[in-house]
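*Asks:* A structural model of the following input is requested.
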Amino acid sequence: MLKKLRVLLAWIFWIGITLLLLDFTGVLHGYLGWMAKLQFLPAILALNVGVIVGLVLLTLVFGRVYCSVICPLGVFQDGISWLGTHRSKKPYKYHKEMKWLRYGVWVLFVVALLAGVHVLVALLAPYSAYGRMVQNLLQPIYLWGNNLLAAWAEKAGSYAFYEKEVWLRSLPTFIVAIVTLVVIVTLSFKGGRSYCNGVCPVGTTLSFLSRFAAFRPVIDADKCKHCKACELHCKAHCIAIGKDTEKIDYSRCVDCFNCIEQCKFGALKYKYAWGKNVTPDNDRASGRRAFMTGTVLAVGTAALKGVQARAQEAAKKVDGGFATVLPKEAPERETPLTPPGSASVKDFYRHCTACQLCVAECPNNVLRPSGKLETLMQPEMSFEKGWCRPECTRCSELCPAGAIRKITPEEKTQYQVGTARVNLKLCVSANGKAECGKCAQSCPSGAVQMVDNPETGLRYPVVMEEVCIGCGACEYLCPSRPISAITVNGKPQHV
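*Replies:* This next block holds a predicted model:
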């Protein structure tokens, strides 16, 4: 019964978060957005005290059920390990904890988090890894399916679906997503929860607490027949059954309840065991040391944290069948552009977990993963495919980590994330070739104005920086190719 309940809840969370990452309409966020806010690292970075306290209490009472129910990467590993065991028929067996790897990765993660080395944080965080895989590898398939339905609906005279462009947002992030998928699938297929208990820093953090969980699987030595059925079905490799040994490493147990289901003699029960001597003294002593160390560092981290090469399009666009139109290229920006709702560039990248949720749901194709090493896989704004419309606040509504604070459309019209600048050498109006004015016509804040050029008799654009909000409409709609004659640079501190 316990396993069936756990599997049901795990399916609900996994399907919900996956759909949230796939959805490009924004409809599902109102129903499923809370699932993203329950993820451990985003809650830490957002200083979401209620969620943090709730997850800590959940682990202290029931053990690491977060890893087997709430974490989408953990549930994904369960699915792959189930396929592996049913295909190979190869049972699991007890392995000693690889402390050098487990705690080495954890210390590296904490140091990277404190030092602001966002690449390592994004690589190791489980929710970020899963979001990266879904957004880069699964969402294109989802969009192609949507576009097929849109084509059929159009032929039937229906507009229930609309076509969505499928394009490669970041080649480096795409490659990282593939490598992550291969590593996770390989480890899970052959070794069950090897990634969770050897690499995942969130799993290690929760393991400091799960050693002292009030409820946990307990072996009754008097009833145990040493058949090893529990050990052979433990995907966490944490149950050791020998001639005179009945041991469970609770720091690695994810409460999947496989062991209880397999025990035919009633020797394994999930029950209240607070303060009982159910592990060897040396394990309990090391657990206390790990708990104290982990608690101090985790709390310290939370306190301190509170405060691309892009791929070009393969096919060229053709205008009217006569002229070849070059695709737009991203200009070199002095300061990166981060979404409205972020307090500053530094604050945004300090809190962002690179989960790709905002990238997946951006309706205007403005957000894409960065290809720069210092901010690799974290979102940035660019305007080759669209511009940031003032009425859209989708990213601010769904960010679970607090990197983008929730704002209203009215607030967004006053939010200055960047300023436009005209390159007079590229502007057709400024160099006397023709009068354009597209940038001034498209500017929603009236920051771009056309002024007279007495030398050419044509008007050319100038930017009133105090009015510009950095939405990118001028850059996106500028006819200059491949680099726009008017480009937007980010502001380090947003107003």
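*Asks:* Could you tell me which residues within stretch 189-208 count as buried?
*Replies:* For stretch 189-208, the neighbour count (16 or more other C-beta atoms under 10 Å) marks 189, 191-208 as buried. For every residue, glycine as well, the C-beta is placed using N, CA and C.
*Asks:* With stretch 170-180 instead?
*Replies:* Using 16+ other C-beta under 10 Å as the test for burial, stretch 170-180 gives 170, 172, 173, 174, 176, 177, 180.
*Asks:* do the same with stretch 141-151
*Replies:* 142, 143, 146, 147, 150.
*Asks:* would you turn those residues into JSON lines with distance to residue 392, secondary structure and pLDDT?
*Replies:* Output for the buried residues of stretch 141-151, formatted as JSON lines (distance: C-beta to C-beta, whole Å; DSSP: H, G, I helix; E, B strand; the rest coil; pLDDT from 0 to 100):
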{"residue": "142", "distance to residue 392": "21", "secondary structure": "helix", "pLDDT": "95"}
{"residue": "143", "distance to residue 392": "19", "secondary structure": "helix", "pLDDT": "94"}
{"residue": "146", "distance to residue 392": "20", "secondary structure": "helix", "pLDDT": "94"}
{"residue": "147", "distance to residue 392": "22", "secondary structure": "helix", "pLDDT": "94"}
{"residue": "150", "distance to residue 392": "21", "secondary structure": "helix", "pLDDT": "93"}
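*Asks:* helix or strand for the spatially most central residue of the chain, which one?
*Replies:* The residue lying closest to the centre of the chain (C-alpha atoms, centre = their mean) is residue 355, at 1.1 Å. Under the criterion of DSSP states H and E, residue 355 resides outside all helices and strands.
*Asks:* Can you tell me which of the buried residues of stretch 141-151 is nearest residue 344?
*Replies:* Distance to residue 344 across those (C-beta to C-beta) is lowest for residue 143, with 32.6 Å.
*Asks:* doesn't residue 420 fall inside a helix?
*Replies:* No - Residue 420: not assigned to a helix; according to DSSP: H, G, I helix; E, B strand; the rest coil it is strand.
*Asks:* what's across from it in the sheet?
*Replies:* In this entry, residue 420 is beta-bridged to residue 488, by DSSP bridges.
*Asks:* Let's see the pLDDT reported for it.
*Replies:* Residue 420 is assigned a predicted lDDT (pLDDT) of 95.
*Asks:* Check the offset of stretch 259-270 from the chain's centre.
*Replies:* Relative to the centre of its chain, stretch 259-270 is centred 37 Å away, using C-alpha atoms, centre = their mean, to the nearest Å.
*Asks:* Residue 239: which of the buried residues of stretch 141-151 is nearest?
*Replies:* Nearest to residue 239 among the buried residues of stretch 141-151: residue 142, at 38.7 Å, using C-beta to C-beta.
*Asks:* still on that earlier bit, narrow the buried residues of stretch 170-180 to those in helices?
*Replies:* In this view, the buried residues of stretch 170-180 that belong to helices under DSSP state H are 172, 173, 174, 176, 177, 180.
*Asks:* got those as JSON lines, with distance to residue 431 columns?
*Replies:* What follows is these, written out as JSON lines (distance: C-beta to C-beta, whole Å):
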{"residue": "172", "distance to residue 431": "36"}
{"residue": "173", "distance to residue 431": "37"}
{"residue": "174", "distance to residue 431": "38"}
{"residue": "176", "distance to residue 431": "42"}
{"residue": "177", "distance to residue 431": "43"}
{"residue": "180", "distance to residue 431": "48"}
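*Asks:* can you tell me which of the residues you listed lies nearest to residue 442?
*Replies:* Of all those, residue 442 sits closest to residue 173, with 29.6 Å by C-beta to C-beta.
*Asks:* Quick one: mean pLDDT over stretch 401-416.
*Replies:* 92.
*Asks:* Pull it out as CSV, backbone CA atoms only.
*Replies:* Coordinates of each C-alpha in stretch 401-416 appear next as CSV, following Å, rounded to 0.1, in the frame of the first residue of the first chain:
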residue,chain,number,x,y,z
ALA,A,401,14.1,30.7,-7.4
GLY,A,402,13.3,34.3,-7.0
ALA,A,403,15.7,35.4,-9.8
ILE,A,404,12.8,37.1,-11.5
ARG,A,405,10.4,38.8,-9.1
LYS,A,406,6.7,39.0,-9.9
ILE,A,407,5.7,42.3,-11.6
THR,A,408,2.6,43.6,-13.2
PRO,A,409,2.4,44.8,-16.9
GLU,A,410,2.1,48.4,-15.5
GLU,A,411,5.3,48.0,-13.6
LYS,A,412,7.0,46.4,-16.5
THR,A,413,6.5,49.6,-18.7
GLN,A,414,8.7,51.4,-16.2
TYR,A,415,11.3,48.7,-15.7
GLN,A,416,14.6,49.6,-17.4
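*Asks:* Renumber starting at 11 from here on
*Replies:* I'll keep to 11 as the first residue from here, and by that count the last item is stretch 411-426.
*Asks:* Wait, a helix at residue 342?
*Replies:* No - using three-state DSSP, the assignment for residue 342 is coil, not a helix.
*Asks:* what number of residues lie near it?
*Replies:* Look at residue 342: counted by other C-beta atoms under 10 Å, it has 8 neighbours.
*Asks:* so how far is residue 244 from it?
*Replies:* 53 Å (C-beta to C-beta, to the nearest Å).
*Asks:* for residue 17, same thing?
*Replies:* 16 Å.
*Asks:* and if you look at residue 267?
*Replies:* 11 Å.
*Asks:* repeat for residue 485
*Replies:* Distance from residue 485 to residue 244, by C-beta to C-beta: 56 Å.
*Asks:* so of the buried residues of stretch 199-218, which ones are in helices?
*Replies:* Per DSSP H, the subset of the buried residues of stretch 199-218 in helices is 199, 201, 204-208, 211-218.
*Asks:* all strands for the chain, in order.
*Replies:* Per DSSP state E, the chain carries strands over the ranges 225-229, 249-251, 256-258, 278-282, 327-329, 333-335, 377-379, 389-391, 428-432, 458-463, 468-473, 496-500.
*Asks:* Make JSON lines out of those strands and add distance to residue 85 and mean neighbour count.
*Replies:* Listed next are these as JSON lines, based on distance: least, C-beta to C-beta, whole Å; neighbours: other C-beta atoms under 10 Å:
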{"stretch": "strand 225-229", "distance to residue 85": "19", "mean neighbour count": "21"}
{"stretch": "strand 249-251", "distance to residue 85": "21", "mean neighbour count": "22"}
{"stretch": "strand 256-258", "distance to residue 85": "22", "mean neighbour count": "21"}
{"stretch": "strand 278-282", "distance to residue 85": "19", "mean neighbour count": "16"}
{"stretch": "strand 327-329", "distance to residue 85": "41", "mean neighbour count": "10"}
{"stretch": "strand 333-335", "distance to residue 85": "45", "mean neighbour count": "10"}
{"stretch": "strand 377-379", "distance to residue 85": "24", "mean neighbour count": "25"}
{"stretch": "strand 389-391", "distance to residue 85": "25", "mean neighbour count": "27"}
{"stretch": "strand 428-432", "distance to residue 85": "39", "mean neighbour count": "22"}
{"stretch": "strand 458-463", "distance to residue 85": "49", "mean neighbour count": "15"}
{"stretch": "strand 468-473", "distance to residue 85": "49", "mean neighbour count": "20"}
{"stretch": "strand 496-500", "distance to residue 85": "37", "mean neighbour count": "23"}
